[in-house]
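Trainee: A structural model of the following input is requested.
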Amino acid sequence: MAIAFVVPVAPQLALRDEAPVQPHDAVRARDGANRWGAIRARRCSLDRSVLSMTSVSNDGAAIRAQHRALIFDCDGVILESEDLHRDAYNAAFRHFEVNYEWTPEYYDILQNTVGGGKPKMRYHFRKFGWPDSALGAAPNESEAQQNALIDALQDYKTEVYKDLVAKTPPRPGVLELMDAALDARDSKQLPLSVCICSASTKSSCLFTLDKLVGSDRVGRLDVVLAGDDVSKKKPDPLIYITCLEQLQAKGRGDLKAEQCVVIEDSLIGLQAAKGAGMKCLITTTSSTERQDFSGADAVYPNLAGVALDCVLSAGF
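Mentor: Residues are numbered from 1 along each chain as shown. Okay, here's the model as predicted:
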């Protein structure tokens, strides 16, 4: 029988090459009656139209709209994917005869604390023991064998995950918001860049985008980055810093971090966005709705009916 993990027992959840993150900082349970009070859920007013957001030159002679960037996370924002990932990891464990099983309760904490699939498994195996598997005895000493096990599990997990994603609809409102942003940019109503930054592997990210977002939309995006494109995973801000640098290299040299709005679903995503100096709007999932998002600029249960001007004015 597989060992089922319900809650982590470690005093700290340490990321490889990162400072340790305290579990009580990563997930703070809130009682149901007050959960939105502490996370400052709020709907922005539609009269704060971003179309009127302007800056005035020093001599007052010129008025110009300020460039913005809207950056979507993928997992949790475009689709509610926590259960899909967990099911796929457990399928990989079974396939390779790894005697572990991640329960919903344990995976909620794990995925909200450690960014990226391989770092999750590496953290878990380091803390609870490297397992025997169909590939051989537990690789307790050999880093090469540890990497081989992680790579094999991740590759199999990705294929299972793709099958599950193909049957899953996008989250409410996300495609409508993306279309509004792309149309506003293309019609020159707004000086706006539209991007996606995902912690997932590139193959998983691109497959998800192809199935749920569609190749036409993806082709219109200014920047698409996946976890493979950067050396550090969220909550490190590198993926968002890299996105900004790529936008600047594409001719948006005047774009500043504080003019970027990131849409995330988790605390580690919020930490990454804020670490890059950007605004961050949270759209919660069943896994993250009880987290402390007091540092977010706006919090929504989903994006259904949320107007583009509300999103772009978050935190301004």
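Trainee: drop to CA atoms for contacts and neighbour counts, all remaining ones
Mentor: Noted.
Trainee: three-state assignment of the nearest residue to residue 182 once chain neighbours are set aside?
Mentor: Spatial nearest neighbour of residue 182, excluding adjacent residues (C-alpha to C-alpha, 6 or more residues apart in numbering): residue 194 at 6.7 Å. Using DSSP: H, G, I helix; E, B strand; the rest coil, the structure places residue 194 in strand.
Trainee: Residue 83 and residue 184: what is the separation?
Mentor: 34 Å (C-alpha to C-alpha, to the nearest Å).
Trainee: Buried residues, the helix or strand hosting residue 206. List them.
Mentor: With secondary structure defined by DSSP states H and E, residue 206 is part of helix 202-208. The neighbour-count check on helix 202-208 (16 or more other C-alpha atoms under 10 Å) flags 202-208 as buried.
Trainee: between the residues you listed, which is closest to residue 225?
Mentor: Taking C-alpha to C-alpha as the measure, residue 202 is the one of the buried residues of helix 202-208 closest to residue 225, at 7.8 Å.
Trainee: Quick check: phi and psi on the residue nearest to that closest one when sequence neighbours are not counted?
Mentor: The shortest distance from residue 202 to any residue other than its chain neighbours is 5.0 Å, reached at residue 226 (C-alpha to C-alpha, 6+ apart). Here the main-chain torsion angles of residue 226 (degrees, to the nearest 10) amount to phi -120, psi 170.
Trainee: go on, residue 69?
Mentor: When read as degrees, to the nearest 10, the backbone of residue 69 gives phi -130, psi 130.
Trainee: quick one: it and residue 280, what's the gap?
Mentor: Separation of residue 69 from residue 280 (C-alpha to C-alpha): 12 Å.
Trainee: Low-confidence stretches in the stretch 1-150 of the chain?
Mentor: 1-2, 5-65 (pLDDT under 70).
Trainee: Now do the contacts for residue 69.
Mentor: The contact partners of residue 69, taken as C-alpha atoms under 8 Å, 6 or more residues apart in numbering, are 192-195, 259-261.
Trainee: show me where this protein has strands.
Mentor: Residue ranges of the strands in the chain, as given by DSSP state E, are 3-5, 54-56, 63-65, 68-72, 100-102, 192-197, 223-225, 260-264, 279-283, 298-300.
Trainee: Tabulate those (TSV), appending distance to residue 168.
Mentor: Formatted as TSV, those follow (distance: least, C-alpha to C-alpha, whole Å):
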stretch	distance to residue 168
strand 3-5	26
strand 54-56	40
strand 63-65	38
strand 68-72	18
strand 100-102	21
strand 192-197	19
strand 223-225	21
strand 260-264	19
strand 279-283	18
strand 298-300	21
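Trainee: Can you tell me which of those is packed in deepest?
Mentor: For these, the largest average neighbour count (mean count of other C-alpha atoms under 10 Å) is found in strand 260-264, namely a mean of 28.
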